[in-house]
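> sequence? don't have it. structure:
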C-alpha cells in the first residue's frame with residue numbers, strides 16, 4: 001500500500017515537471033518569436049513609425065492664379081508685401097523686445113496682445129511668429145538700418161490678394177479670405193500640422209468665398225508643397241530634411257472687360273441697379289455690375305468689425321448681387337417676346353391693326369387696364385406697337401393667349417431658370433402659371449393676370465441676367481448660346497439649350513427693324529438716346545411699376561417716396577445691322593426707362609466697341 005502511494009506521488013511529480021518544462025519551452029519560443037518580429041519581420045514598420053515620430057511635415061502654401069479680363073489685363077492679382085517675422089525661441093523677454101522695436105515699427109495694441117498670446121507656444125516648438133503684416137516702405141527702411149540690433153527678427157516676403165478695381169468687380173469676381181478648414185488631401189500631411197503651414201499670403205491659408213474666387217477655387221488655388229523637419233523628443237524643430245515646392249495656381253481667363261465694367265460703374269453712379277453685357281458671338285459675359293458694391297480688397301486682406309457690420313446693416317444692401325439675384329418686373333421690355341408668341345401661334349400678323357384708345361377693358365368684368373399715354377395711339381400694328389410701346393395692343397394680345405403656352409414660350413428665352421453656367425449664386429426666379437399661383441398663393445388664375453403679363457407686370461419678374469440673355473437671343477435671331485463669365489477652355493459648366501427660337505427670316509428682319517426704330521426713329525420711346533452715339537442700336541425700354549395706380553395724378557402723389565418710384569429698364573443690342581453685343585440695364589426707382597437707363601446702355605456699348 002505504501003509502495004503504491006509513493007508510486008502515485010512519483011508519477012504526479014513527473015507530470016508536473018513535464019508540464020513545467022513544456023510551459024517554459026512555449027514561453028521561450030514566444031519570446032524568440034517576438035524578438036524576431038521586432039528585429040526582423042516588422043522592422044520596416046517600426047522604422048517608419050520611428051521616423052514619423054522623428055519627422056514633422058508641414059504644407060507650403062502655393063500662390064493663387066490671377067483673374068484676367070478678355071484682353072489679358074489683371075482684374076485680381078497677387079501683390080508682394082513684407083511682414084516682420086520673429087523667432088520667439090531666441091527672445092528671452094518678449095515685452096522688452098516689443099518696447100525696443102515699437103519706435104522702429106508701429107504696433108497697434110491689438111497686434112501687441114496677439115503677439116504675446118502666441119509667443120510661448122511658438123517659442124516652445126521653435127517656430128516663427130509674425131509680429132507685423134504689410135510693412136510700409138518707411139518701416140522697412142527703418143528696420144533695415146537697425147537690423148543688427150534685432151538679430152531675432154527679419155523681414156519676410158508675403159503676398160496679398162488685391163484688385164486695382166476693388167469695388168466695380170466685387171459681385172462677379174468675389175473675394176478670397178482666410179479659412180481654418182482648408183486642407184489639401186492630395187498630400188499626406190495630418191490635419192493637425194496645417195496650423196504650422198508655411199505661408200505665402202500675409203493673412204494665412206486662403207480660399208475663395210464668393211464669385212469666381214469661390215466657383216473656380218480649385219483651378220486658382222494650385223498645389224501645396226511640403227517641407228519635412230526633424231524634431232526632437234520635445235517637439236522642437238531641429239533641421240529641415242526635405243523640400244517639395246508648391247505649384248502655382250492657374251490663371252483664369254474671363255470674358256470680362258475692365259473698360260466696359262468701369263464704364264457701367266461710372267454711368268450708373270451712386271444709383272442702385274445692375275448692368276449685364278454679353279458678346280453675341282461667344283455668349284461671353286463682358287459686364288456684370290451691381291450697385292452699390294463693396295471693396296474686395298478690404299474683405300480679402302483685413303476689415304474691421306465695425307466696417308463689416310456697417311456693410312451688413314446698410315439698407316442699400318451692398319452685398320446683394322442685383323445683376324444675378326435682383327427680381328424686377330420686365331415691364332415693356334417683354335413686349336417683343338409677347339409679339340413673337342403671337343406671330344408663332346398665328347394670333348396676329350405684322351399688318352393687323354387695332355384701335356388703341358389708351359386702355360383695355362376686360363370683357364369678363366369690365367375692369368379697365370390703362371396704357372401709359374392718355375388717349376392712346378389710335379390705329380397700331382405690331383411694329384408701331386413696339387415703337388410707341390402701346391400697352392393696349394399687348395393687353396389684347398395677351399388676353400387671346402393661353403397662359404400655360406405663353407409661360408412655356410417665355411421659358412425658351414430663359415425666364416424662370418438659370419441662364420449663366422458659372423455665375424455665383426444666380427437666382428432662377430420663377431415663371432407664373434395657373435398651377436404656380438394656386439400652389440403658392442392658394443388662388444385661381446384670372447384672365448386679368450394674363451393681361452398684366454402682356455406688358456411685363458403682375459406676377460412676372462426677371463433678373464437683369466435673364467433680360468440680357470433674352471435680348472441676346474433676339475439679337476442672334478433665335479440662336480441660344482450658353483452664357484459664361486470664363487472663357488470656354490477653362491469654364492467649369494455651361495448651360496446648353498439647343499432648342500433655338502424658331503421664327504421665319506422675314507419676321508426676324510421685321511423684329512430687328514422695329515426694335516431699331518424704338519431708338520432710331522422719331523416715334524420710338526427711347527429716341528432720346530439716339531444722338532448719344534454714332535452707330536445704330538436696337539432695343540426696348542421699360543418702366544416697371546412698383547405701385548398699381550389708376551392715374552398719373554395718383555402716381556405723382558406717391559413718387560415723393562423714392563422707394564415707390566418705378567424702375568427704369570432697357571435692353572439693347574448693336575451696332576446695327578450686324579450686332580456684336582447685347583446689354584440690359586436696370587436702375588431701381590429710376591422711372592423713365594429710355595431716358596434714365598438708356599444712356600448707361602449706350603456708354604457700355606460704346607466702350608465695348610471702342611467708340612468713346
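Ah, there it is. What you see is a predicted model; the values in this text were computed from it and never measured.

> quick check on residue 56: phi, psi?
Here is the backbone geometry of residue 56 (degrees, to the nearest 10): phi -140, psi 110.

> repeat for residue 336
For residue 336, the backbone dihedrals (degrees, to the nearest 10) come out as phi -60, psi -40.

> what do you get for residue 173?
In terms of degrees, to the nearest 10, the main-chain angles of residue 173 are phi -80, psi -40.

> how many neighbours does it have?
Close neighbours of residue 173, defined as other CB atoms under 10 Å, add up to 28. C-betas here are computed from N, CA, C, even on glycine.

> that one and residue 67, how far apart?
6 Å (CB to CB, to the nearest Å).

> determine the longest strand present in this structure.
If you go by DSSP state E, the chain has its longest strand at strand 74-86.

> which strands and helices sit next to the helix or strand just after it?
Proceeding N to C from strand 74-86, the next assigned helix or strand is helix 94-101, under DSSP states H and E. Applying 3 or more CB pairs under 8 Å, 6 or more residues apart in numbering; DSSP states H and E, we find helix 94-101 packed against helix 109-124.

> list the buried ones in the helix it packs on?
111, 112, 115, 119, 122, 123 (16 or more other CB atoms under 10 Å).

> the last one touches residue 93, doesn't it?
No: judged on CB atoms under 8 Å, residue 123 makes no contact with residue 93 at a distance of 11.4 Å.

> could you tell me how many residues sit around residue 15?
Look at residue 15: counted by other CB under 10 Å, it has 10 neighbours.

> need the mean per-residue confidence for the helix or strand it falls within.
In the assignment (DSSP H and E), residue 15 maps to helix 2-36. For helix 2-36, the mean pLDDT works out to 69.

> nearest to residue 89, of the buried residues of helix 109-124?
residue 123 (4.7 Å; CB to CB).

> look up how far residue 155 lies from the residue nearest to that closest one when sequence neighbours are not counted.
Closest residue to residue 123 apart from its sequence neighbours, by CB to CB, 6 or more residues apart in numbering: residue 88 at 3.6 Å. Relative to residue 155, residue 88 is positioned 17 Å away (CB to CB).

> please apply the same query to residue 73.
In terms of CB to CB, residue 73 sits 30 Å off from residue 155.

> contacting residues around the helix or strand where residue 310 lies?
Residue 310 is part of helix 305-313 when elements are defined by DSSP H and E. By CB atoms under 8 Å, 6 or more residues apart in numbering, the residues outside helix 305-313 that reach it are 294, 298, 318, 319.

> the second one and residue 163 touch, don't they?
When you say that, I think you mean residue 298. No: applying CB under 8 Å, one finds residue 298 not in contact with residue 163, separated by 10.8 Å.

> look at those two and report which has more neighbours.
Higher neighbour count among residue 298 and residue 163: residue 163, with 21 against 16, using other CB under 10 Å.

> and for the more buried one, nearest residue in space, chain neighbours not counted?
In space, residue 163 comes closest to residue 76 once its chain neighbours are excluded; the distance is 4.8 Å by CB to CB, 6+ apart.

> likewise for residue 97?
Nearest residue to residue 97, sequence neighbours excluded (CB to CB, 6+ apart): residue 91, at 5.0 Å.

> right, and that neighbour touches residue 123 too?
Yes: if you go by CB under 8 Å, residue 91 and residue 123 touch, sitting 7.2 Å apart.

> gap between the two ends of stretch 154-171?
With CA to CA, to the nearest Å applied, stretch 154-171 spans 38 Å between its terminal residues.

> quick check: buried residues in it?
Those buried within stretch 154-171 under the rule 16+ other CB under 10 Å are 155, 158-163, 165-171.

> same check on stretch 177-190?
177, 182, 183, 184, 189.

> got phi/psi on the last one?
The one in question is residue 189. According to degrees, to the nearest 10, residue 189 has phi -120, psi 130.

> can you give me the pLDDT of it?
The score at residue 189 is 87. That number is its pLDDT.

> same thing with the fourth one?
At residue 184, the model reports a pLDDT of 75.

> grab the nearest non-local neighbour of it.
Per CB to CB, 6+ apart, closest to residue 184 is residue 224, 4.5 Å.

> likewise residue 333?
Once flanking residues are discounted, residue 333 sits nearest to residue 542: 4.2 Å by CB to CB, 6+ apart.

> now do stretch 484-502: distance from first to last residue.
Termini of stretch 484-502 sit 23 Å apart (CA to CA).

> what does that stretch contact?
70, 172, 212, 215-216, 219, 250, 252-256, 282-285, 288, 340, 344, 412-414, 418-423, 473, 478-480, 482-483.

> quickly note the distance from the residue nearest to residue 184 to residue 177.
18 Å.

> what's the answer for residue 542, then?
Applying CB to CB, the value for residue 542 to residue 177 is 38 Å.

> which stretches of the protein have low pLDDT?
Scanning the chain for pLDDT under 70 picks out 1-14, 17, 35-53, 185, 234-235, 497-498, 546-564, 591-593, 612.
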